[in-house]
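Chemist: need a structure here:
(2 chains)
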Protein chains: 2
Amino acid sequence: MRDVYVLGVGMIKFGRYPDKDVPQLGAEAALLALKDAGMSMKDIELLVCGNLFQANAMNAQRILQQIGQTGIPALNVSNACATGSTAFREAYLGVASGMYDVTMAVGVEQMGKMGLLGGGARSGGESVEGVLGSGLMPAVFGQAGVEHMRKYGTTVEQFAKVSVKNHKHSVHNPLSQYQVEVSLEDVLKARMVAYPNTLYMCCPTGDGAAAAILVSADKMKQYTNRPIKVACSVLTSDPWTERDLTMPDVNTLTRNAAKQAYEKAGLGPKDLDLVELHDCFATAELLHYENLGLCGEGEAGRMIDEGRTALGGDIPVNASGGLLSKGHPLGATGVANIYEIVTQLRGQAGARQVEGAKAGLAHVIGLGSACTIHILTA
Amino acid sequence: MRDVYVLGVGMIKFGRYPDKDVPQLGAEAALLALKDAGMSMKDIELLVCGNLFQANAMNAQRILQQIGQTGIPALNVSNACATGSTAFREAYLGVASGMYDVTMAVGVEQMGKMGLLGGGARSGGESVEGVLGSGLMPAVFGQAGVEHMRKYGTTVEQFAKVSVKNHKHSVHNPLSQYQVEVSLEDVLKARMVAYPNTLYMCCPTGDGAAAAILVSADKMKQYTNRPIKVACSVLTSDPWTERDLTMPDVNTLTRNAAKQAYEKAGLGPKDLDLVELHDCFATAELLHYENLGLCGEGEAGRMIDEGRTALGGDIPVNASGGLLSKGHPLGATGVANIYEIVTQLRGQAGARQVEGAKAGLAHVIGLGSACTIHILTA
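Modeler: The predicted structure follows:
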């Protein structure tokens, strides 16, 4: 396989765009990525679009209708919350294979005010969890948090601090859906959604789009002398496991992906300067500290207490504001966290810059089930 | 890029399965492909599922739930009628890249009795064609036929002969949705759908699934000494073109893909022993004779008159029965025509066998727009 580099990234501010449609949002992000890379659509050899809610609407081709129908191969992928990162991965594979030198991934979603009710393969009336209502996302991640409290004594306050931290980070991200700080008291007093996650501990709904341009080594050298390399691209699904209501697949899925990712990248958690992980709920972020090996088993609560994952800490997590504050337009999320890592590795993250960042990890988990991890290095 | 081989294929009989769901149909095809390859799910390293109507339902993962959750990467793609062939192509890229040695593509659709009303990116009220109703599939392919009649004097009878031929072929295909001959008179007297295509000149609706297992050269050698090689995998979208109502993108799309396919495979139309092409309507088949270079411009009518594309002719087209009689469960179609080519190249096609077939071309077109061409060689 050939080495692959990210040459350009683009992202629109996450929020509400009731007057636009999915292809328009995707096209805007694509144009920003082209501008960032110093390229035009004529340079792009493959387009992969990730979109979940309108997965069969030929959005890749509709985006090309708006920004340049050059005849290139275009395809559409979906993979629950990992939809955008799976699109990125297929674009990566296009370059890694040697078939193309320049590919583009666009992740885009228009959710409006639709909630995260589905549970992927385990939702609806087809499974035990579906019948019991525990296949609903807030329930899945609430239960996982409760289990962590039971096993390790993690507290509600520790989970709530995730929300405080990520909202604080997002104040410095102009593309974040929300840019307001919340206090620990605000978070704890907010309406309970599914114990222990209150409203501010759940990601919002909204629209968004992000795009990335991937290139081969030769092409990269023509455009930049500050390469951002894709050190690994990993996708996993549910391994065989005993399914029960208290330990959903969020942990095993991520652990398997992390193991593969560190092995392929030849890097470990200690080599990372920042992490963008899938904090769809505050409880999820603490679980993933351990799943990704950022701390030992049961130590996630202490890790947030000590401020190690805040900006200024030794391993900032979700410097962008994360899903909790930056937002989580499903298909866009996986490309948006690549956007953040690339921006940070370039030293272009402004007030939220992680100084001297050389390696970052982007993690996405989709229940139903798909987990992606991309490690990028400068 | 590495060479890629098709080691196993599986397909269920196309038809109606109201008591089953998409994952069940897909799993059945996957198990048949595994049996054919002499492999188990433990050998599969990547699963790509193509499904259109339920593109966001995580069908790849749901199939794994039924036949083995080994933790492998799984993703879902959609690309209009080229959905299945795009899934095949992503599985191909997985092996070609060197990332995997064994991958699986499953194409599956449950259409019930739903009609082919959509027109992809040009359907609905968003385009001129949509507003005029001409974005409907029967209208698009009817108009394209009328244009061919105007330009070259092609007759309704010539188009109708496509239906007669493909229905005749399908009598020998036990997996075909229909296995009955129709006479030229039957076809011409059938209810008009969109001139010049009568009911028997339109593909039926129905359910179906097909699967293919792709492997690297090393892996292939462990399992067989009769390799079927993927000589090229091409995907194109609409090039810049003046859009009008009489010449839809079906022609340009296929011509662009064919040019690339012959170049990449190092083969020309004269090297082919059989072709499975996208005869969603009888008019389409004749257009594609010319688009694929099987005959010269305006010669398609004479080609069908002379029986050159019938079994026993010099270049049999749609020996399987084609979409017109075998059926067209959208997401399954692109993998099903790979199934037919592989079966023929192995000499396992029974009464419909094209003697001594060494090279076959599988063509799919999805309006909206996506065209795939795969050339396979024995």
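
Chemist: where in chain A is pLDDT low?
Modeler: Scanning chain A for pLDDT under 70 picks out A:113-135, A:240-249.

Chemist: Going by residue numbers, what spans are helices in it?
Modeler: Per DSSP state H, chain A carries helices over the ranges A:22-37, A:59-67, A:83-96, A:128-132, A:137-152, A:156-170, A:184-189, A:217-223, A:250-265, A:282-291, A:300-305, A:322-325, A:330-345.

Chemist: can I get those in TSV with mean neighbour count?
Modeler: Quick note: C-beta positions are derived from backbone N, CA and C, even for glycine. As requested, the helices of chain A are exported to TSV (neighbours: other C-beta atoms under 10 Å in any protein chain shown):
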stretch	mean neighbour count
helix A:22-37	24
helix A:59-67	24
helix A:83-96	30
helix A:128-132	14
helix A:137-152	20
helix A:156-170	24
helix A:184-189	16
helix A:217-223	15
helix A:250-265	21
helix A:282-291	26
helix A:300-305	20
helix A:322-325	30
helix A:330-345	30
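
Chemist: And stretch A:361-378, end to end?
Modeler: Taking C-alpha to C-alpha, to the nearest Å, stretch A:361-378 runs 12 Å from one end to the other.

Chemist: picking up where we left off before, how about a markdown table for the helices of chain A, with distance to chain B added?
Modeler: Shown next, in a markdown table, are the helices of chain A (distance: least, C-beta to the nearest C-beta, whole Å):
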| stretch | distance to chain B |
| --- | --- |
| helix A:22-37 | 9 |
| helix A:59-67 | 5 |
| helix A:83-96 | 5 |
| helix A:128-132 | 13 |
| helix A:137-152 | 14 |
| helix A:156-170 | 27 |
| helix A:184-189 | 32 |
| helix A:217-223 | 15 |
| helix A:250-265 | 6 |
| helix A:282-291 | 15 |
| helix A:300-305 | 24 |
| helix A:322-325 | 19 |
| helix A:330-345 | 9 |
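
Chemist: any chance of the ones you listed in TSV, plus distance to B:P23?
Modeler: Formatted as TSV, these follow (distance: least, C-beta to C-beta, whole Å):
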stretch	distance to B:P23
helix A:22-37	26
helix A:59-67	24
helix A:83-96	19
helix A:128-132	15
helix A:137-152	21
helix A:156-170	35
helix A:184-189	40
helix A:217-223	40
helix A:250-265	19
helix A:282-291	27
helix A:300-305	35
helix A:322-325	28
helix A:330-345	21
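
Chemist: And those: which comes nearest B:K264?
Modeler: Shortest distance between B:K264 and the helices of chain A, using C-beta to C-beta, is found for helix A:83-96: 14.9 Å.

Chemist: Check whether A:S233 really touches A:A91, as I assumed.
Modeler: No. Taking contacts as C-beta atoms under 8 Å, A:S233 lies outside contact range of A:A91: 9.8 Å.

Chemist: residues contacting the closest residue to A:G356 other than its chain neighbours?
Modeler: Closest residue to A:G356 in three dimensions, ignoring its sequence neighbours and counting by C-beta to C-beta, 6 or more residues apart in numbering or on different chains: A:D273, at 7.1 Å. Going by C-beta atoms under 8 Å, 6 or more residues apart in numbering or on different chains, A:D273 touches A:I315, A:P316, A:Q344, A:V354, A:G356, A:A357, A:K358, A:A359, A:G360.

Chemist: Give me the buried entries from those.
Modeler: Among the contacts of A:D273, those buried by neighbour count (16 or more other C-beta atoms under 10 Å in any protein chain shown) are A:I315, A:P316, A:Q344, A:V354, A:A357, A:A359, A:G360.

Chemist: show me the contacts for the first one.
Modeler: Right, the one you point to is A:I315. A:P269, A:L272, A:D273, A:L274, A:V275, A:L294, A:R308, A:T309.

Chemist: let's go with 7 Å and repeat that
Modeler: By C-beta atoms under 7 Å, 6 or more residues apart in numbering or on different chains, the contact set of A:I315 is A:L272, A:L274, A:V275, A:L294, A:R308, A:T309.

Chemist: which residues touch A:L52?
Modeler: By C-beta under 7 Å, 6+ apart, the residues touching A:L52 are A:S78, A:A80, A:T83, A:E109, A:L330, A:G331, B:N56.

Chemist: Nearest to A:H288, out of those: which one, please.
Modeler: A:A80 (16.3 Å).

Chemist: and that closest one, how far is that from chain B?
Modeler: When distance is defined by C-beta to the nearest C-beta, to the nearest Å, A:A80 is 6 Å away from chain B.

Chemist: which non-adjacent residue is nearest that residue?
Modeler: Spatial nearest neighbour of A:A80, excluding adjacent residues (C-beta to C-beta, 6+ apart): A:G366 at 2.9 Å.

Chemist: Show me the residue at the heart of chain A, geometrically.
Modeler: Residue closest to the mean C-alpha point of chain A, counted by C-alpha atoms, centre = their mean, is A:G334 at 3.8 Å.

Chemist: That one and A:S85 touch, don't they?
Modeler: Yes. Using C-beta atoms under 7 Å, A:G334 makes contact with A:S85 at a distance of 2.8 Å.
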